[in-house]
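Peer 1: What follows is a predicted structure for the sequence shown.
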Amino acid sequence: MADPILTIEGLEVAVDGKPILTGVDLAIPQGEVHALMGPNGSGKSTLAYALAGHPRYDITGGSVTFNGADLLDMEADERAQAGFFLAMQYPVEVPGVSVLNFLRTALNAVRGEEISPRAFMKLFQEKSKLLEFDASFSDRYLNEGFSGGEKKRHEILQMAMLEPKFAVLDETDSGLDVDALKVVSNGVNSLRGPDLGALIITHYTRILKYITPDVVHVMYDGRVVRTGGPELADELEANGYAEYGSAEPAAVSGA
């Protein structure tokens, strides 16, 4: 087994003074894809944004080691430069900034050097084809007027171009129809390999039908309360979160 690219020990996080995470322990080896499941309000997205360095999320205890360094000691941009990536549940619209300008600026910032226009366009076209991302969107403002599926494809396009060491996908399946979910999942699967670790955060099991995780964790009440193999997702699909004090299902009706 590879060494953990991400190790979380006793992580506590508060939002506006309210404790949300109450002692999260998690270790993800490089090259593995883990899924983090749980009912609404369990703290899944709080973990994602705290790891990414969102200023609203106050770390009140614990530690996070990323690729051998103290992640919590880094600013948000430093985390990205170190190879940490977050695909957001609700990608924001950025009027006035085109998709191409955003991607090239992000790529230059992460690499720490300028990429030539020719090399950038070659990379953009290659990754766009992989994700079936319509090239006509390249001159449009970032996420403005995009459908839910288009926004999520663009998030994975960013991931494909930036080539992070570790990626957190926060509710990437949210709002996607089956066709868009398949395209996004195929994109993620194409990036899997020994140089990428990933944490898929999801409420439902449907994305895990297309991206098979190596390990599944269950979060409830601000902690990881159970860990198992891919079969744990099947168990949650069948039984929901009743065992963890929630009547919510883990499967989408009719999906």
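Peer 2: Structure's in. What do you need?
Peer 1: okay, now the closest residue to residue 226 other than its chain neighbours: neighbour count?
Peer 2: Counting by CB to CB, 6 or more residues apart in numbering, residue 226 lies nearest to residue 218, which is 4.3 Å off, once chain neighbours are set aside. Heads up, the C-betas are built off the backbone N, CA and C, glycines and all. By other CB atoms under 10 Å, the residues close to residue 218 number 24.
Peer 1: Which strands and helices lie in contact with the helix or strand hosting residue 218?
Peer 2: Assessed by DSSP states H and E, residue 218 sits inside strand 215-220. Applying 3 or more CB pairs under 8 Å, 6 or more residues apart in numbering; DSSP states H and E, we find strand 215-220 packed against strand 18-29, strand 33-37, strand 223-228, helix 231-239.
Peer 1: Which one of those lies nearest to residue 70?
Peer 2: Residue 70 lies closest to strand 18-29 among the helices and strands packed on strand 215-220, at 15.5 Å (CB to CB).
Peer 1: Can you give me every residue that contacts residue 170?
Peer 2: Counting by CB atoms under 8 Å, 6 or more residues apart in numbering, residue 170 touches 44, 45, 48, 49, 86, 87, 88, 89, 201.
Peer 1: Equivalent analysis for residue 97, please.
Peer 2: Neighbouring residues of residue 97 by CB under 8 Å, 6+ apart: 141, 142.
Peer 1: element containing it, please.
Peer 2: strand 94-98.
Peer 1: and that strand, which strands flank it?
Peer 2: strand 141-142 (antiparallel) (DSSP bridges).
Peer 1: which outside residues touch the strand it pairs with?
Peer 2: Contacts with strand 141-142, where a contact means CB under 8 Å, 6+ apart, come from 93, 94, 95, 96, 97, 98, 99, 102, 154.
Peer 1: if you average pLDDT over that strand, what comes out?
Peer 2: Mean pLDDT, strand 141-142: 89.
Peer 1: try stretch 180-187
Peer 2: 88.
Peer 1: tell me which residues of it are tucked away?
Peer 2: 180, 181, 183, 184, 185, 187 (16 or more other CB atoms under 10 Å).
Peer 1: Could you export those as TSV, including distance to residue 69 and secondary structure?
Peer 2: Below are the buried residues of stretch 180-187 laid out as TSV (distance: CB to CB, whole Å; DSSP: H, G, I helix; E, B strand; the rest coil):
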residue	distance to residue 69	secondary structure
180	35	helix
181	34	helix
183	34	helix
184	30	helix
185	30	helix
187	28	helix
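Peer 1: closest to residue 122 among the residues you listed?
Peer 2: Nearest to residue 122 among the buried residues of stretch 180-187, counting by CB to CB, is residue 187 at 18.1 Å.
Peer 1: give me every residue that touches that closest one.
Peer 2: Neighbour list for residue 187: 130, 131, 153, 156, 157, 160 [criterion: CB under 8 Å, 6+ apart].
Peer 1: nearest residue to the fourth one other than its sequence neighbours?
Peer 2: In this structure, residue 156 finds its nearest non-sequential neighbour in residue 187, 4.4 Å apart by CB to CB, 6+ apart.
Peer 1: And that neighbour, how far from residue 20?
Peer 2: Distance, residue 187 to residue 20, using CB to CB, to the nearest Å: 30 Å.
Peer 1: Ok, residue 230 next?
Peer 2: Taking CB to CB, one finds residue 230 at 27 Å from residue 20.
Peer 1: The two: which has the busier surroundings?
Peer 2: Set residue 230 next to residue 20 and count neighbours by other CB under 10 Å: residue 20 wins out with 21 against 13.
Peer 1: Now stretch 239-248: buried residues?
Peer 2: 240, 241, 244, 246.
Peer 1: Make TSV from these and add distance to residue 15, pLDDT and secondary structure to it.
Peer 2: Below are these laid out as TSV (distance: CB to CB, whole Å; pLDDT from 0 to 100; DSSP: H, G, I helix; E, B strand; the rest coil):
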residue	distance to residue 15	pLDDT	secondary structure
240	26	92	coil
241	22	93	coil
244	21	86	helix
246	20	85	coil
